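Engineer: Sharing a model that was predicted from the sequence below.
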Amino acid sequence: MWGRLEHRLALLELVVTGSLRRRKSQHEAWDHLVELSWTKRTGRRDEIAIVEAHRHELEGLLTQVWCEWPQLKTELVGAGLPISEQGWRQLQDIERARAAKGLPSYLNRRTATAVVGPHSKAGLSASRREALADSNVMHDGTLRLRPSLGLRIRHGEHELDAEIVAGVLGEVVLTERALVDGAVISGQRPQALLLVENLGAYLDTPAPPSWLVAHVPGWDTCTVRLLLSQFQDVPVAHFGDLDPNGVRIMRHLRDFRPDLRWVVPEFWSEYVQRSALEASWPCSLDLVGTPSLVQELAAKSLWLEQEVIVLDPRLPQELLACAGL
């Protein structure tokens, strides 16, 4: 048991502070220590304290399983940190921050947390973010675009014809780093911008040639925000599934683009009988202000996928109407 660091830290906390609360990460150590005659329960729930007559035995056990503990105690006290597992974790953050020198201008968030945190999937707290100094932490999303007529992309002194790029590569891909670094959509302004949730629908929706179409997969919206900031004067519509997550994504997008239009053609209701999927809607999901078809689906515990109407010949006209064109 004492081979695990969190258990040795529990023993250290008990020896140095005189008491120990039961915590999930250290419950095995606590359960073991509470059975010893060297400890006693306090008046507080799930807390034990040292029986002072047996302090020597506990210190001997700590030295036996962790001879380096006096050095760690000194380091924690010197840093003004509590003698606990939390204090040890804070000390590790301090030591990683000291080692984080000469970082590049851009860092993927996983790389960043691996540098200043215990592993790549750890949280990026305020103190860890501060340790990254001037490095920009990136989600590193990508934007897949079907360019509109006359669209160009400028980055510094370089400019590309987006239609030619798409003609060679099939589409245009812009990265978050490129946009943050100054890539700008230029050339002929699109008549409208269409955001599409699912990949198949993004590729196959017959949008007008003058429209810019962007793939926005679910909650991955950090990069699309950068795109939208360049199209404040262009109508923007979103086309996604009619299900609970589709409602949440739409509301999330409207948080930073309040005028976003929702593509829900009236003819979509014709597909309910043959294409709707049986699935429940959470009672906690607020449907106030959603289209009537969405509310009807929720009442009947049904979902509709956007792909079923992609090839409907009425969709292009509905897109124009949705954008007010």
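Structural biologist: Here it is on my side, so go on.
Engineer: What residues are bridge-paired with residue 106?
Structural biologist: residue 136 (DSSP bridges).
Engineer: how does the protein divide up, domain by domain?
Structural biologist: 1-99, 101-138, 142-266+309-322 (automatic domain parsing).
Engineer: Of those, which stretch is the most buried?
Structural biologist: Of all those, domain 142-266+309-322 carries the top mean neighbour count, a mean of 17, counting by mean count of other Cβ atoms under 10 Å. The C-beta positions use only the backbone N, C-alpha and C, and glycine is treated the same way.
Engineer: And the average pLDDT for it is what?
Structural biologist: The pLDDT scores in domain 142-266+309-322 average 95.
Engineer: Can you tell me how far residue 218 is from residue 310?
Structural biologist: 18 Å (Cβ to Cβ, to the nearest Å).
Engineer: Kindly report the same for residue 266.
Structural biologist: 16 Å.
Engineer: Please apply the same query to residue 125.
Structural biologist: 43 Å.
Engineer: same deal with residue 37?
Structural biologist: Note on residue 37: its distance to residue 310, by Cβ to Cβ, is 73 Å.
Engineer: Repeat that for residue 251.
Structural biologist: From residue 251 to residue 310 the distance is 23 Å (Cβ to Cβ).
Engineer: And residue 278, its phi and psi?
Structural biologist: phi -80, psi 110 (degrees, to the nearest 10).
Engineer: now residue 131
Structural biologist: Per degrees, to the nearest 10, the backbone of residue 131 is at phi -70, psi -20.
Engineer: how about the nearest residue to it, chain neighbours excluded?
Structural biologist: The spatial neighbour of residue 131 that comes closest, neighbours along the chain excluded (Cβ to Cβ, 6 or more residues apart in numbering), is residue 97 at 3.5 Å.
Engineer: check contacts around that neighbour.
Structural biologist: 116, 127, 128, 130, 131 (Cβ atoms under 8 Å, 6 or more residues apart in numbering).
Engineer: Can you tell me which of those is closest to residue 18?
Structural biologist: If you rank those by distance to residue 18 using Cβ to Cβ, residue 127 comes first, at 28.4 Å.
Engineer: which SSE is the closest residue in space to that closest one that isn't next to it in sequence in?
Structural biologist: Nearest residue to residue 127 in three dimensions, chain neighbours excluded: residue 93, at 6.1 Å (Cβ to Cβ, 6+ apart). Assigned by DSSP states H and E, residue 93 belongs to helix 85-99.
Engineer: where's that helix relative to the chain centroid, distance-wise?
Structural biologist: 24 Å (Cα atoms, centre = their mean, to the nearest Å).
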